[in-house]
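Undergrad: build the 3D model from these lines:
(2 chains)
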Amino acid sequence: MLSSGCASRSFRRRISSIRGSTPTTRSFEEQQKVFGGSWIIGCHESELPGAFDYRTFTHPSGTPLIIVRGEDQKVRAFYNVCPHRGNTLLYDPVGNAKRITCIFHQWSFDTKGNCVDITREQQGFQDRYCKADAGLREVRAEIGYGGFVWVNLDDNACTLKEYIGDALSMLEEYMSMPLEVFHYHKAVVNTNYKLWHDTNSEFYHDYLHYFNRVTGMMQPGYFDRKYTGYPNGHASVGSMTIKYDAYEGSKARGVGWPGLAPGGWILIDIFPAMTYNLRTSVLRMDTSIPLGPNKLLVEFRGLGLKSDTPEQRAERVRDHNTIWGPFGRNLHEDLLAVHGQGRAMQPGSEPHWIIQGREENMTIHDEGGMRHFYREWSRRMEREAFDPHGDRNVATVA
Amino acid sequence: MPTDRIAIEELVYRSCLALDAGDFKAYLALCDDGFRYTVTAHSPEIRKDMVWLDHDKAEMQLLFNNLPRHNSDHSPLARHAHVYTVETAADGKSAEVISTLQVYKTTLDGGATELFAIGRYIDTVSLESAPPRLSKRIVRLTTRQFGFGYHVPF
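TA: Coordinates of the predicted model:
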């Protein structure tokens, strides 16, 4: 809520000055420069089905947020921080609250961010401060591109539409109907967020997965898939059709996805750390939240159509779990691999460098998708990705 | 303690020992032909019950067969179950068995042990032949975060 009433600005600054600290780690710098001004997926609209439903979300920059559907059905986002003494307002991941009340001193807010009660307001603040000055800090929020709720902490950032540009054009026709999240889990891994995004951005690591090795890579057309880079660091990989008959245990596939060829697969990476992955009957969405230079939280969602019959939903769940579920074939392998990178690249160890030099005309084993990511990373961080510390202490290959 | 209860408890505990040992043949031998294995969890975040795995006996066999083909964490697990309730059906042919479950993981390098998961086994046990067999197992997980994960279910 951005309002002004009877507040004294100097009074507010004094309160604000108590909050700030100045972390100096590179991780914090990346969280601010890379994530701070980016549009980030906070949740899906199906996680807020009714008025006053809320979802809490810690933004990758570290800022705790409330995403709430108002009585007017509009979804808004606010800092999950009481403006009084900086306490967390909502502790649970979800809930329903007509009033958002801080447990500490019972200051209360509505779902538009207005402060509606300051306990013993007149006695304590007289006329120096009032409810109109105590609204929650609102954060820009938009719903789009499959019904996801996107947030941006930067009031001056471009619109979501401008941020995405044409990057999701390959997927938009498949996301025109209401979707619903049926799977959600988190994984915390000791690795850097860029390494997970890298794994989601290249298919050269199909060598990691037995079934991808012996089936997918053998299919005609596999090596023809092309990366396309878009402004703001996004990248897509062209569609291909997977012959699931070749996958033992995955032969009966019927539900599919409206408009998508049977066995179709489209993957789009959104800067800085989100991946749309539509494969046959399921849309998987990864959102990464860096917790430190070598600590990462990934949120995994599986989505189907809101209109699914129970039978259709069960088939989507099954398709999802076979490959991407917590006990699925591929997910553990992918996470194990980035865990291994994190383990090998511990601070103080020598091998902090990776090679992303494969050039195959931007086809499937080209590492151009991630090079495209690093061009945007370099722009935001104001230094080249091959010089991540900004000290020019770089390794070069003649 | 009734004889059935002793045999049922031993069935649950043997299933843990077999999986801990990676003796999947022994595990499946404890299951009848119509065996169904399901892993479920509730997500407060999306306000939904989730199914994370749902396999019949043949699909469990396939899962076990495929394990050597995958790149996996090889840290051994130890499943500790404790049978809480056994409710025998009126016809005496089956029983519903609820056990609490804790799963511990021990690193290969150094042998550090951590609690990996907690949950419950909700088993349907066939009593139509001796010894009893597992007809259905629902692994109801409380834990929903497993770090970089694991390929072998609980």
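Undergrad: burial check on residue A:382, number of neighbours?
TA: 8 (other CB atoms under 10 Å in any protein chain shown). Every residue, glycine included, has its C-beta placed from N, CA and C.
Undergrad: meant to ask about residue A:239, not that
TA: 16.
Undergrad: to what extent is the closest residue to residue A:374 other than its chain neighbours buried, counted in neighbours?
TA: Setting aside the residues directly before and after it, residue A:374 is nearest to residue A:385 in space (CB to CB, 6 or more residues apart in numbering or on different chains), at 3.8 Å. For residue A:385, the count of nearby residues is 16 (other CB under 10 Å).
Undergrad: who in the stretch 51-200 of chain A is up against chain B?
TA: With the criterion set to CB under 8 Å from any CB of the partner chain, the stretch 51-200 of chain A comes near chain B through A:55, A:92-94, A:181-189.
Undergrad: per-residue pLDDT, residue A:239?
TA: What the model reports as pLDDT for residue A:239 is 74.
Undergrad: please disregard the earlier target; I meant residue A:351.
TA: So, for residue A:351, pLDDT stands at 64.
Undergrad: then residue A:355?
TA: For residue A:355, pLDDT reads 88.
Undergrad: what of residue B:143?
TA: pLDDT, residue B:143: 98.
Undergrad: excluding chain neighbours, what is closest to it?
TA: Leaving aside its sequence neighbours, residue B:143 sits nearest to residue B:117 (CB to CB, 6+ apart; 4.0 Å).
Undergrad: just to revisit the earlier point, neighbour count added to the residues of the stretch 51-200 of chain A next to chain B, as JSON lines?
TA: Output for these, formatted as JSON lines (neighbours: other CB atoms under 10 Å in any protein chain shown):
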{"residue": "A:55", "neighbour count": "26"}
{"residue": "A:92", "neighbour count": "11"}
{"residue": "A:93", "neighbour count": "17"}
{"residue": "A:94", "neighbour count": "18"}
{"residue": "A:181", "neighbour count": "25"}
{"residue": "A:182", "neighbour count": "23"}
{"residue": "A:183", "neighbour count": "26"}
{"residue": "A:184", "neighbour count": "24"}
{"residue": "A:185", "neighbour count": "23"}
{"residue": "A:186", "neighbour count": "15"}
{"residue": "A:187", "neighbour count": "24"}
{"residue": "A:188", "neighbour count": "15"}
{"residue": "A:189", "neighbour count": "25"}
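Undergrad: sitting in strands, which of those do you find?
TA: Judged by DSSP state E, the subset of these located in strands is A:55, A:94, A:181-189.
Undergrad: in stretch A:224-232, what's buried?
TA: A:225, A:227-230, A:232 (16 or more other CB atoms under 10 Å in any protein chain shown).
Undergrad: adding pLDDT and distance to chain B, write those residues out as CSV.
TA: Listed next are those as CSV, based on pLDDT from 0 to 100; distance: CB to the nearest CB, whole Å:
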residue, pLDDT, distance to chain B
A:225, 87, 23
A:227, 92, 25
A:228, 94, 30
A:229, 96, 29
A:230, 97, 29
A:232, 97, 28
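Undergrad: the residue nearest to residue B:143: neighbour count?
TA: 20.
Undergrad: part of a strand, is it?
TA: Yes - Residue B:117: assigned to a strand according to DSSP: H, G, I helix; E, B strand; the rest coil.
Undergrad: now do the end-to-end distance for stretch A:85-95.
TA: Terminal residues of stretch A:85-95 are spaced 23 Å apart (CA to CA, to the nearest Å).
Undergrad: what comes into contact with it?
TA: A:18-19, A:47, A:53-56, A:64, A:66, A:80-82, A:97, A:100-105, A:109, A:136, B:44-47 (CB atoms under 8 Å, 6 or more residues apart in numbering or on different chains).
Undergrad: ok, of the buried residues of stretch A:224-232, which one's closest to residue A:239?
TA: Nearest to residue A:239 among the buried residues of stretch A:224-232: residue A:225, at 7.6 Å, using CB to CB.
Undergrad: what's the pLDDT at residue A:271?
TA: Looking at residue A:271, its pLDDT is 98.
Undergrad: what does residue A:387 give?
TA: pLDDT recorded at residue A:387 is 82.
Undergrad: so it: helix, strand or coil?
TA: Three-state assignment for residue A:387 (three-state DSSP): coil.
Undergrad: give me the phi and psi for it.
TA: Torsion angles at residue A:387 (phi, psi; degrees, to the nearest 10) stand at phi -130, psi 60.
Undergrad: cool, and residue B:113?
TA: Torsion angles, degrees, to the nearest 10, at residue B:113: phi -110, psi 140.
Undergrad: now do the contacts for residue 115.
TA: No chain specified, so I'll use chain A. A:1, A:83, A:107-109, A:131-136.
Undergrad: that answer is for a different chain, and I need it for chain B
TA: Contacts of residue B:115 by CB under 8 Å, 6+ apart are B:102-104.
Undergrad: quick check, residue B:53 in a strand?
TA: Yes - counting by three-state DSSP, residue B:53 is found in a strand.
Undergrad: name the SS class of the closest residue in space to it that isn't next to it in sequence, please.
TA: Spatially, and ignoring its direct neighbours in sequence, residue B:53 is nearest to residue B:39 (4.1 Å; CB to CB, 6+ apart). Here residue B:39 is strand, with the state taken from three-state DSSP.
Undergrad: any idea how far residue B:39 lies from residue B:58?
TA: Distance of residue B:39 to residue B:58, computed by CB to CB, to the nearest Å: 17 Å.
Undergrad: more neighbours, these two?
TA: residue B:39 (22 against 12).
Undergrad: can you tell me the average pLDDT over the helix or strand where residue A:317 lies?
TA: According to DSSP states H and E, residue A:317 maps onto helix A:310-323. Helix A:310-323 shows a mean pLDDT of 96.
Undergrad: out of the contacts of residue B:115, which is nearest to chain A?
TA: For the contacts of residue B:115, the residue nearest chain A by CB to the nearest CB is residue B:103; the value is 12.6 Å.
Undergrad: where in chain B is pLDDT low?
TA: Within chain B, the ranges that satisfy pLDDT under 70 run B:1-3.
Undergrad: residues in contact with residue 55?
TA: With no chain named, the answer covers chain A. So residue A:55 contacts A:42-43, A:47-48, A:66-68, A:93-94, A:149, B:45 (CB under 8 Å, 6+ apart).
Undergrad: actually chain B
TA: B:36-38, B:63.
Undergrad: now residue A:289
TA: Applying CB under 8 Å, 6+ apart, the residues near residue A:289 are A:58-60, A:193, A:273, A:296-299.
Undergrad: swap in residue B:88?
TA: Contacts for residue B:88 (CB under 8 Å, 6+ apart) come out as B:4, B:94-95, B:127.
Undergrad: next, it: phi, psi?
TA: Dihedral angles (degrees, to the nearest 10) for residue B:88: phi -80, psi 140.
Undergrad: in the sheet, who's paired with it?
TA: Residues in a beta bridge with residue B:88, per DSSP bridges, are residue B:95.
Undergrad: that older thread, in strands, which of the contacts of stretch A:85-95 appear?
TA: A:53-56, A:64, A:66, A:100-101, A:109.
Undergrad: scan chain B for its longest helix.
TA: Longest helix in chain B by number of residues (criterion: DSSP state H): helix B:3-20.
Undergrad: C-alpha coordinates for it, PDB please?
TA: Extracted C-alpha coordinates of helix B:3-20, given in PDB (Å, rounded to 0.1, in the frame of the first residue of the first chain):
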ATOM      1  CA  THR B   3      -0.700 -65.100  16.600                       C
ATOM      2  CA  ASP B   4      -1.900 -63.000  13.700                       C
ATOM      3  CA  ARG B   5      -0.500 -59.900  15.200                       C
ATOM      4  CA  ILE B   6       2.900 -61.400  15.700                       C
ATOM      5  CA  ALA B   7       3.000 -62.600  12.100                       C
ATOM      6  CA  ILE B   8       1.700 -59.300  10.800                       C
ATOM      7  CA  GLU B   9       4.300 -57.300  12.800                       C
ATOM      8  CA  GLU B  10       7.000 -59.700  11.500                       C
ATOM      9  CA  LEU B  11       5.800 -59.100   7.900                       C
ATOM     10  CA  VAL B  12       6.100 -55.300   8.300                       C
ATOM     11  CA  TYR B  13       9.600 -55.600   9.900                       C
ATOM     12  CA  ARG B  14      10.800 -58.100   7.200                       C
ATOM     13  CA  SER B  15       9.700 -55.600   4.500                       C
ATOM     14  CA  CYS B  16      11.900 -53.000   6.100                       C
ATOM     15  CA  LEU B  17      14.800 -55.300   6.400                       C
ATOM     16  CA  ALA B  18      14.500 -56.500   2.800                       C
ATOM     17  CA  LEU B  19      14.400 -53.000   1.400                       C
ATOM     18  CA  ASP B  20      17.300 -51.900   3.700                       C
END
